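> quick one: sequence and predicted model below, then my questions.
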Amino acid sequence: MKPIQVGLLGIGTVGSGTFNVLQRNQEEIRRRAGRGIEITMVADLDVARAQSIVGPNVKVVNDARAVIANPEIDIVIELIGGYGIAKALVMEAIAAGKHVVTANKALLAVHGTEIFAAASAKGVMVAFEAAVAGGIPIIKALREGLTANSIQWIAGIINGTTNFILSEMRDKGLDFDVVLKEAQRLGYAEADPTFDIEGVDAAHKVTLMSAIAFGIPVQFDKAYVEGITQLGATDIKYAEQLGYRIKLLGITKRTDKGIELRVHPSLVPSKRLIANVEGAMNAVVVQGDAVGTTLYYGKGAGSEPTASAVIADLVDITRLHTADPLHRVPHLAFQPDKMSDLSVLPMSEVVTSYYLRLRVADEAGVLAKVTGLLANAGISIDAVLQREADEVGGEGATSTDLIILTHDTREGTMNEVLAQMQALPSVLAPITRIRKEELN
Ligand SMILES: NC(=O)c1ccc[n+]([C@@H]2O[C@H](COP(=O)([O-])OP(=O)(O)OC[C@H]3O[C@@H](n4cnc5c(N)ncnc54)[C@H](O)[C@@H]3O)[C@@H](O)[C@H]2O)c1
Ligand SMILES: N[C@@H](CCO)C(=O)O
Ligand code: NA
């Protein structure tokens with residue numbers, strides 16, 4: 001049988017990895033897929049660089065639409081990124097009856113509902129394993145491997161750049177900016193690195209996992225998003241003393257009231273496997289009612305690790321494209337007419353526990369005032385730590401750090417108590433609040 005023909009839009013970090021791995025392993029991939037898979041046409045703005053990667057036998061153009069218009073092309077891979085031209089190209093490829101593979105989580109988290117509906121109407125597949133946790137087959141696991149389960153929650157380290165930054169800051173005491181530059185050099189960071197450090201990239205990915213886990217539409221606009229830019233070395237140190245590591249987690253959870261969907265720095269017990277995921281590595285914990293806790297670990301970014309997922313999607317499509325569309329695995333795991341309308345909860349309704357750090361005046365009665373406010377709100381305390389006073393504000397005026405770990409409470413209740421604490425004259429600086437997840 002003649003090889004299936006693939007058109008590649010964008011041959012940067014992931015595109016070049018995809019081309020190279022497909023070439024290197026073509027024989028084994030053909031034996032698995034039952035048919036050869038060949039990238040026969042590439043579009044990139046930098047034609048000369050693209051041609052130097054693919055060699056003289058592959059046609060390179062600078063106009064992506066020429067690839068979509070080519071009737072020989074069966075599958076289009078979109079590896080340009082962003083919501084702009086990439087969205088138009090994906091929609092046009094679907095309209096032209098092409099199957100699409102993309103690593104573009106930003107596009108799918110924001111416009112997924114429209115894109116999947118268009119693909120279903122046209123009877124084509126849109127595959128996106130590379131969009132979440134790069135090379136880790138987490139979409140495959142959630143959509144197929146765990147299909148028996150009622151998923152309870154998912155928590156993941158799903159942004160390599162920020163995990164790399166947090167690890168390097170803790171281990172080597174390096175500066176934030178230095179480590180970010182290194183992540184960019186290694187090809188981990190997004191084109192706009194604020195997407196990484198402000199938690200947006202992780203929120204794109206957890207939004208996609210949430211939709212697949214609970215059968216709800218993709219709703220990035222409902223996600224709570226907080227990055228790592230406000231995180232200080234002091235809190236990383238105190239967390240360690242209390243037996244926790246701080247990780248940027250993407251969390252989605254089923255509750256009686258609705259679905260939690262959030263990204264923020266979290267204290268995680270140091271003894272959990274996920275707390276020991278270092279550098280640019282990713283890990284996702286999934287709790288299913290039947291299987292219990294499962295953990296998926298590996299490279300979530302980089303050229304060939306991400307290419308591994310792109311090519312797995314190419315093989316899936318090669319195997320399934322002749323199947324009746326109704327008998328393929330649904331884009332979001334649930335049949336499109338059987339999606340749930342469970343609502344995504346506002347952050348004020350999320351229930352979790354907290355790490356609080358208060359810089360307070362070192363005087364009698366402060367601890368009682370602070371803990372009194374928590375008690376009045378019905379928030380119980382798990383642990384309290386008081387640390388060495390620093391000199392502040394001249395002679396004799398000293399302050400001390402008060403660190404409190406709480407048990408579970410509603411975020412809305414915690415917000416009210418924090419406002420009351422902040423108003424106490426003995427609280428000398430803005431209070432630090434970091435959420436805490438036991439993940440058991
Ligand atoms: N880099 C990673 O580790 C990684 C991991 C997972 C997912 N992703 C996602 O994969 C996608 C690609 O990321 P990347 O790191 O390979 O980006 P990149 O910037 O390295 O590559 C993008 C390529 O697209 C080309 N391009 C831009 N506009 C174009 C246009 N209009 N027509 C044709 N080509 C165009 C650029 O010249 C460049 O070669 C993004 O959606 C990204 O979020 C990246
Ligand atoms: N910028 C992303 C790339 C993988 O999606 C990361 O750092 O994890
Ligand atoms: Na993946």
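Arrived safely. Ligands and ions are numbered 1, 2, ... in the order given.

> near ligand 3, which residues of the stretch 301-440 of the chain show up?
Within the stretch 301-440 of the chain, the residues that sit near ligand 3 (C-beta under 5 Å from the ion) are Ala309. C-beta coordinates here come from the backbone N, C-alpha and C atoms, glycine included.

> in the stretch 301-440 of the chain, which residue sits nearest ligand 1?
Closest to ligand 1 within the stretch 301-440 of the chain is Ala301: 3.4 Å, counting by C-beta to the nearest ligand atom.

> the stretch 51-200 of the chain too?
Per C-beta to the nearest ligand atom, Gly81 is where the stretch 51-200 of the chain lies closest to ligand 1, at 3.0 Å.

> what is the neighbour count of that residue?
For Gly81, the count of nearby residues is 21 (other C-beta atoms under 10 Å).

> what of the one 10 residues further on?
The local packing of Met91 (other C-beta under 10 Å) involves 16 other residues.

> helix, strand or coil for the closest residue to ligand 3 within the stretch 251-400 of the chain?
Closest approach between the stretch 251-400 of the chain and ligand 3, counting by C-beta to the ion: Ala309, at 4.5 Å. For Ala309, the assignment made with DSSP: H, G, I helix; E, B strand; the rest coil gives helix.

> for the one 3 residues further on, same thing?
Recorded secondary structure, Ala312: helix (three-state DSSP).

> what does Leu342 give?
Of the three states, Leu342 takes coil under three-state DSSP.

> contact partners for the closest residue in space to Gln219 that isn't next to it in sequence?
The shortest distance from Gln219 to any non-neighbouring residue, by C-beta to C-beta, 6 or more residues apart in numbering, is to Val344 (5.5 Å). Contact partners of Val344, counting by C-beta atoms under 8 Å, 6 or more residues apart in numbering, are Ser210, Ile216, Gln219, Lys222, Ala223, Gly258, Ile259, Glu260, Leu261.

> go with 6 Å
Gln219, Lys222, Ile259, Leu261 (C-beta atoms under 6 Å, 6 or more residues apart in numbering).

> can you check Val315 too?
Ala33.

> is ligand 1 within reach of the helix or strand hosting it?
Using DSSP states H and E, Val315 sits within helix 303-320. Yes. Applying C-beta under 6 Å from any ligand atom, one finds helix 303-320 touching ligand 1 at Thr306.

> follow-up on the earlier one: neighbours of the residue of the stretch 251-400 of the chain closest to ligand 3, just the number please.
Per other C-beta under 10 Å, the neighbour tally for Ala309 reads 29.

> in this structure it contacts Ala131, no?
No. Using C-beta atoms under 6 Å, Ala309 is not in contact with Ala131; the gap is 8.2 Å.

> can you list residues touching both of the two?
In contact with both Ala309 and Ala131: no residue, using C-beta under 6 Å, 6+ apart.

> model confidence over stretch 171-178, on average?
For stretch 171-178, mean pLDDT rounds to 82.

> low-scoring stretches of the stretch 301-440 of the chain, by residue?
Scanning the stretch 301-440 of the chain with the threshold set as pLDDT under 70 gives 389-397.

> spell out which parts of it neighbour ligand 1.
Counting by C-beta under 6 Å from any ligand atom, the stretch 301-440 of the chain sits next to ligand 1 at Ala301, Gly302, Thr306.

> drop anything exposed from the residues you listed.
Ala301, Gly302, Thr306 (16 or more other C-beta atoms under 10 Å).

> now Leu345, nearest residue through space, not along the chain?
Gly258 (4.4 Å).

> check contacts around the one you found.
Residues in contact with Gly258 (C-beta under 6 Å, 6+ apart) are Leu342, Ser343, Leu345.

> and the second one, how close does it get to Gln26?
With distances taken as C-beta to C-beta, to the nearest Å, Ser343 is found 47 Å from Gln26.

> and what of the last one?
When C-beta to C-beta is applied, the distance between Leu345 and Gln26 equals 47 Å.

> more neighbours: which of the two?
Leu345 (20 against 14).

> ok, now which ones touch the more buried one?
Lys257, Gly258, Glu260 are the contacts of Leu345 under C-beta under 6 Å, 6+ apart.

> burial measure for the first one, as a count.
Right, the one you point to is Lys257. For Lys257, using other C-beta under 10 Å, the count is 12.

> secondary structure class for it?
Classification of Lys257 using three-state DSSP returns coil.

> over to it: give its phi and psi.
Phi and psi for Lys257, reported as degrees, to the nearest 10, are phi -90, psi -20.

> one step back: out of the contacts of Leu345, flag the one nearest to ligand 1.
Glu260 (24.6 Å).

> wait, a strand at the closest one?
Yes. Counting by three-state DSSP, Glu260 falls inside a strand.

> show the pLDDT at it.
On the pLDDT scale, Glu260 gets 98.

> for it, give me its contacts.
Applying C-beta under 6 Å, 6+ apart to Glu260 gives the contacts Lys253, Leu345, Val350.

> and the gap between it and ligand 2?
Per C-beta to the nearest ligand atom, to the nearest Å, Glu260 is found 22 Å from ligand 2.

> ok, Ser348 - how many residues close by?
Counted with other C-beta under 10 Å, Ser348 comes out at 13.

> leaving out the residues flanking it, which one is nearest to it?
Ser348 sits nearest to Gly412 (C-beta to C-beta, 6+ apart), 3.6 Å away.
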